[in-house]
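> Sequence and predicted structure, then a few things I'm wondering about:
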Amino acid sequence: MLAVAVGLYSIRKKKIIYPKFVLFMLYLFYSPTKWVFSAFSMNDLLVDEILVEIQNSIYLEKFKKQDERKVILLPQCLRSSDCHARCDPLYGFICTKCGRCDIGEIQKEAEIRDFKVFVVPGSSFVKKIFKEYKPTSCIGVACPVELSESMQKTSVIPSQGVYLINDGCFETRVNVGEVVEKMDLVFPINADSSGDGSSGSGRYILPTLYDFENEGGGS
């Protein structure tokens, strides 16, 4: 609980303190901490959100310096129910940018910024991608629980996490602007790069479901 308190303070003040201590303690006592939150009718997603935000902060500067083999890992639940994309046995679903979901928009922005997008059906695909593609940095998109777990597994490279707007494992959404902002940390695009006079991140504004202030935390 001390680690939770330190992590929550860090997020509210936007000043990360004792990050390694917080990560170590929360991962070591992850299940008991989640249980305590649930037992006292508290939002246990806060534990995952703290883990993600602290890891985002820890790896931020290293993430900015990576300029090759940059990847974005998207969950297959972002796909439309009418998606006809084929699934490659190594790289996951191959997006055709049909416009039925957020994946196509992320794909377009990623191509401009030299990011490789992977739409992964499961964790086994992530292992294959890391083995074959050997990325130097990663942007991951998932719900808080999946994101905190996956960021721990991919900590061998600097990563940044972005939450899904809704969960449910079917036709989920993500704030495309947030994903673009993460890409721009490495490869910023000026306001006129899209050809329509607007920046990539400015075109997509969606509400954030996991708002720390609403859930008793700080954003």
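Yep, it's here.
> shouldn't M1 be in contact with F40?
No - the criterion here is C-beta atoms under 8 Å, and M1 misses it with F40 at 10.7 Å. (Glycine included, C-beta is placed from N, CA and C.)
> Tell me which of the two has more neighbours.
Using other C-beta atoms under 10 Å, the more surrounded residue of M1 and F40 is M1, with 11 against 8.
> ok, that one to F29 distance?
Distance, M1 to F29, using C-beta to C-beta, to the nearest Å: 9 Å.
> Same check on P89?
On the measure of C-beta to C-beta, P89 and F29 end up 38 Å apart.
> Of those two, which one has the most company?
Comparing P89 with F29 by other C-beta under 10 Å, the one with more neighbours is F29, at 16 against 7.
> How about that one, nearest residue that isn't a chain neighbour?
Spatial nearest neighbour of F29, excluding adjacent residues (C-beta to C-beta, 6 or more residues apart in numbering): A3 at 7.8 Å.
> now do S80
Computed as C-beta to C-beta, 6+ apart, the closest residue to S80 that is not its neighbour in sequence is R100, at 3.6 Å.
> what do you get for S150?
Closest residue to S150 apart from its sequence neighbours, by C-beta to C-beta, 6+ apart: G140 at 5.5 Å.
> Tell me how far that neighbour lies from V126.
Taking C-beta to C-beta, one finds G140 at 9 Å from V126.
> Ok, C98 next?
Here the criterion is C-beta to C-beta. By it, C98 lies 24 Å from V126.
> Who has more neighbours out of those two?
The residue with more neighbours, out of C98 and V126, is V126; 19 against 13, by other C-beta under 10 Å.
> which residues touch that one?
Shown in contact with V126 (C-beta atoms under 8 Å, 6 or more residues apart in numbering): 73, 120, 150, 153-154.
> Would you agree it falls within a strand?
No - counting by DSSP: H, G, I helix; E, B strand; the rest coil, V126 falls outside a strand, being helix.
> okay, it: pLDDT?
If you check V126, the pLDDT there is 87.
> if we can go back for a sec, next up, the contacts around the residue nearest to S150.
Listed by C-beta under 8 Å, 6+ apart, the contact partners of G140 are 72-73, 147, 150-151, 154, 159-162.
> Touching, L73 and F118? I think so.
Yes - counting by C-beta under 8 Å, L73 does reach F118; the two are 5.4 Å apart.
> Show me whatever sits in contact with both of the two.
Listed as contacting both L73 and F118 by C-beta under 8 Å, 6+ apart are I129.
> and whichever helix or strand I72 is part of, what does it pack onto?
Secondary-structure element containing I72, defined by DSSP states H and E: strand 70-75. Packing partners of strand 70-75 (3 or more C-beta pairs under 8 Å, 6 or more residues apart in numbering; DSSP states H and E): helix 102-112, strand 115-120, helix 123-132, strand 137-142, helix 176-184.
> Having no further points to raise, I will conclude here.
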